[in-house]
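> I'd like to go over a predicted model; first the sequence, then the structure.
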Amino acid sequence: MTTSDHAGQAFDHAGQTSRTAHPDDTDHTGDARHTGHAVRPDPTLYRSPADAIAAPPEKLAYLVGFDRTAQRPDALIVVDTDPGSSSYGRVLHLADVPGLGDELHHFGWNACSSALAHEGHHHPERRYLLVPGLRSSRLHVFDTRPDPARPRLVKVIEPAELADAAGYSRPHTLHCGPGGVLLSCLGGAHGNDGPGGVALLDHETFDVLRAWETDRGPQRLAYDVWWHLQHNIAVTSEWGTPSMVENGVDPELLLGRSYGHALHFWELDSGRHLQRVDLGDEHQMVLELRPAHDPAATWGFAGVVVSVADLSASVWLWNREDDGRFTAHKVITIPAEPAKEDELPPALKPFGAVPPLVTDINLSVDDRWLYVSAWGTGELFQYDVSDPFHPRRTASVRLGGITARQPHPAAPGLPLTGGPQMVELSRDGRRVYLTNSLYGSWDDQFYPEGIHPWLAKLDADPDRGGLTPDRRFFPHGEDFRGLRVHQTRLQGGDASSDSYCHR
């Protein structure tokens, strides 16, 4: 496998200060562009993981909420995370999107710390939140200035632009990368179910430029996209096309082993497919990717939702071998839990067990702690991955769960629906944020009584390990206007949205 040196050359461009216009070009750096004065770099873009860990903690969390009935607008929601604030743990603002039925799902910042090394991204700022609608294929751009607690919608990119320029639909996950913002998409354009892939968006205007891939090889199913920036390697994972996922888990497809079960490795600068690594077709739905934050490393973790052999879930480690090729090894297995048939939803009654359903993972910025959410059983696991080939379980917390309905300590009389689903981790590794909705139709299958939204915060010990729920922080239910909440992003960056240029 060959690897170009483009990514390494890009480091010479860090520190340039000119930039082109943003969608709403009224920010405070405009004068500097015209006078030639140097613009102060965004302090929330960090050269190294150590710099990110040492930076001030987040005071706000942003999360997306959606209305399962599609009768009310979805919204970007702002929550106070400053423990010294009188409104700590409370919802401060909901910013509606203009349409209905978007199902806001994953979202991200327009710039992360790796932008310090991107050619053509001359003065990056972590300012805009790009929020796709997974069902509508619309992309919403929110400006967090001048008031970070009240983000403003400044642009909507319609599905036709994504379809015409890139050939994709159903945008899912995005990261700011070399050459533009990389936006993974589940579906093809103009009614085509697939293949899914990655669209490239302009760093500054967010216009859709083209499909990122130039040679996709055998890849057809899409889900996540990440990279090893310094090594010019991209990684993608697999879920399914829109028809395979939008109406819930299809038992025929699952038992037929038709959902995604492979990792794909690419040349990052060219979009050329290099290698497919099959995890085995019993391991269905390879979802979240978490590469090491150490820019010199070439390993990372991938979560697998379910094994059709025994309903277990698993976490896999990919690693680049001495010969340049990538391999993947199962390093964590979480078994299913037996359950009484009358406690199970119809979809699980034939199996007599609750599958863990690992739907998200998160790796601490120092690459020491891995968090694994088991949405089915309602458990969040913490592992010490100082040796990534041999994770060691150190703690867990239960909230919700298909049969357990474990309450939060702040509301001990309230059985919880859903379970730890999306998990976000602060840069210093001390705070873990959990939300409880997966995807509307999948929610309905596994939690047919409905998903009542909640956001929990756990305090983590990054020195010795350990997790404790924060009793002061538990917005839920009508705090979110009843909207189901999915992914969380943190002011100033978080563990799952940044990659770094220096050690």
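Great, that's in hand.

> quick one, helices of the stretch 151-300 of the chain?
Ranges of helices in the stretch 151-300 of the chain, per DSSP state H, counting those that start in this stretch, are 159-166, 242-245, 251-255.

> give me the number of residues near residue 174?
26 (other C-beta atoms under 10 Å). For glycine as for every other residue, the C-beta is placed from the backbone atoms N, C-alpha and C.

> tell me the bridge partners for it.
In this entry, residue 174 is beta-bridged to residue 183, by DSSP bridges.

> ok, residue 383 next?
Note on residue 383: beta-bridge partners by DSSP bridges are residue 370, residue 393.

> which residues does it contact?
332, 369, 370, 371, 372, 391, 392, 393, 394 (C-beta atoms under 8 Å, 6 or more residues apart in numbering).

> burial count for the nearest residue to the last one once chain neighbours are set aside?
The one in question is residue 394. The shortest distance from residue 394 to any non-neighbouring residue, by C-beta to C-beta, 6 or more residues apart in numbering, is to residue 465 (3.5 Å). Using other C-beta under 10 Å, residue 465 has 16 other residues around it.

> for residue 465, give its distance to residue 496.
Distance, residue 465 to residue 496, by C-beta to C-beta, to the nearest Å: 20 Å.

> could you do residue 85 as well?
For residue 85, the distance to residue 496 - C-beta to C-beta - is 24 Å.

> show me which of those two is the more surrounded one.
For residue 85 and residue 496, the more surrounded residue by other C-beta under 10 Å is residue 496, and the numbers stand at 25 against 13.

> the helices of the stretch 151-300 of the chain: which one's closest to residue 482?
Closest approach to residue 482 among those (C-beta to C-beta): helix 242-245, 23.9 Å.

> from the contact counts, what lies against the closest one?
Applying 3 or more C-beta pairs under 8 Å, 6 or more residues apart in numbering; DSSP states H and E, one finds that helix 242-245 contacts strand 180-188.

> could you report the neighbour count for residue 377?
Neighbouring residues of residue 377 were enumerated by other C-beta under 10 Å; the total is 27.

> go ahead and report the secondary structure state at it.
Under DSSP: H, G, I helix; E, B strand; the rest coil, the three-state class of residue 377 is coil.

> from memory it sits against residue 406, does it?
No. With contact defined as C-beta atoms under 8 Å, residue 377 does not count as touching residue 406 (9.7 Å).

> thinking again about what came up before, report pLDDT for the residue nearest to residue 394.
You'll see residue 465 listed with a pLDDT of 97.

> list phi and psi for it.
Note on residue 465: backbone dihedrals following degrees, to the nearest 10 are phi 90, psi 160.

> on the three-state scheme, the nearest residue in space to residue 299 that is not next to it in sequence is what?
Excluding its sequence neighbours, the residue lying closest to residue 299 (C-beta to C-beta, 6+ apart) is residue 319, at 4.4 Å. Secondary structure, three-state DSSP: residue 319 is strand.

> wait, what's in contact with residue 319?
298, 299, 326, 327, 328, 329, 389.

> sitting in helices, which of these do you find?
Of the contacts of residue 319, none are assigned to helices by DSSP state H.

> just those residues: which are in strands?
Per DSSP state E, strands hold the following members of the contacts of residue 319: 299, 326, 327, 328, 329.

> just the buried ones out of the residues you listed, please.
By neighbour count, with 16 or more other C-beta atoms under 10 Å, the ones in strands among the contacts of residue 319 hold 299, 326, 328 as buried.

> report pLDDT for the last one.
This means residue 328. 98.

> quick one: contacts for it?
263, 277, 279, 302, 316, 317, 318, 319.

> if I look at it, how far off is residue 389?
Relative to residue 389, residue 328 is positioned 12 Å away (C-beta to C-beta).

> what touches both of these two?
What both residue 328 and residue 389 touch, as defined by C-beta under 8 Å, 6+ apart, is the set 317, 319.

> follow-up on the earlier one: can you add distance to residue 337 and mean neighbour count and give the helices of the stretch 151-300 of the chain back as CSV?
Converted to CSV, the helices of the stretch 151-300 of the chain look like this (distance: least, C-beta to C-beta, whole Å; neighbours: other C-beta atoms under 10 Å):
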stretch, distance to residue 337, mean neighbour count
helix 159-166, 41, 18
helix 242-245, 25, 19
helix 251-255, 19, 12
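
> redo those as CSV? Include distance to residue 443.
Formatted as CSV, the helices of the stretch 151-300 of the chain follow (distance: least, C-beta to C-beta, whole Å):
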stretch, distance to residue 443
helix 159-166, 24
helix 242-245, 13
helix 251-255, 17
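
> about what we covered before: who touches both of residue 377 and residue 406?
residue 398.

> turn the helices of the stretch 151-300 of the chain into a markdown table, columns for distance to residue 229 and mean pLDDT.
Shown next, in a markdown table, are the helices of the stretch 151-300 of the chain (distance: least, C-beta to C-beta, whole Å; pLDDT from 0 to 100):
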| stretch | distance to residue 229 | mean pLDDT |
| --- | --- | --- |
| helix 159-166 | 22 | 98 |
| helix 242-245 | 29 | 97 |
| helix 251-255 | 35 | 95 |
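
> got phi/psi on the closest residue to residue 56 other than its chain neighbours?
Residue nearest to residue 56 in three dimensions, not counting chain neighbours: residue 492, with 7.0 Å by C-beta to C-beta, 6+ apart. Backbone geometry at residue 492, expressed as degrees, to the nearest 10, gives phi 80, psi 0.

> give me the neighbour count for residue 492.
Residues near residue 492, counting by other C-beta under 10 Å: 23.

> quick one: pLDDT of the closest residue in space to residue 364 that isn't next to it in sequence?
Distance criterion C-beta to C-beta, 6+ apart; nearest residue to residue 364, sequence neighbours excluded, is residue 429 at 4.4 Å. We have a pLDDT of 98 for residue 429.

> dump the residue contacts of residue 429.
So residue 429 contacts 53, 364, 365, 366, 368, 369, 460, 462, 495 (C-beta under 8 Å, 6+ apart).

> did I read that right, it in a helix?
No. Counting by three-state DSSP, residue 429 is not part of a helix but coil.

> against residue 495, how distant is it?
For residue 429, the distance to residue 495 - C-beta to C-beta - is 7 Å.

> ditto for residue 372
13 Å.

> then residue 434?
Taking C-beta to C-beta, one finds residue 434 at 13 Å from residue 495.

> with residue 460 instead?
With C-beta to C-beta as the criterion, residue 460 and residue 495 are 11 Å apart.

> who's more crowded, those two?
residue 495 (27 against 24).

> which non-adjacent residue is nearest that one?
Residue 495 sits nearest to residue 425 (C-beta to C-beta, 6+ apart), 3.9 Å away.

> what of residue 247?
residue 441 (5.3 Å).

> from the chain's centroid, how far away is the helix or strand containing that neighbour?
Per DSSP states H and E: residue 441 is located in helix 440-446. The chain centroid and the centroid of helix 440-446 are separated by 19 Å under C-alpha atoms, centre = their mean, to the nearest Å.

> who touches the helix or strand that comes right after that helix?
Using DSSP H and E, the helix or strand that follows helix 440-446 in sequence is strand 455-460. Defining contact as C-beta under 8 Å, 6+ apart, one finds that strand 455-460 is touched by 61, 63, 79, 81, 89, 369, 380, 382, 397, 399, 408, 420, 425, 429-435, 466-470, 473-476, 480, 485, 488.

> now stretch 208-218
Contacts of stretch 208-218 (C-beta under 8 Å, 6+ apart): 157, 161-162, 165-168, 179-180, 182, 195, 197-202, 219, 264, 266, 270-274, 276.

> many thanks, have a good one.
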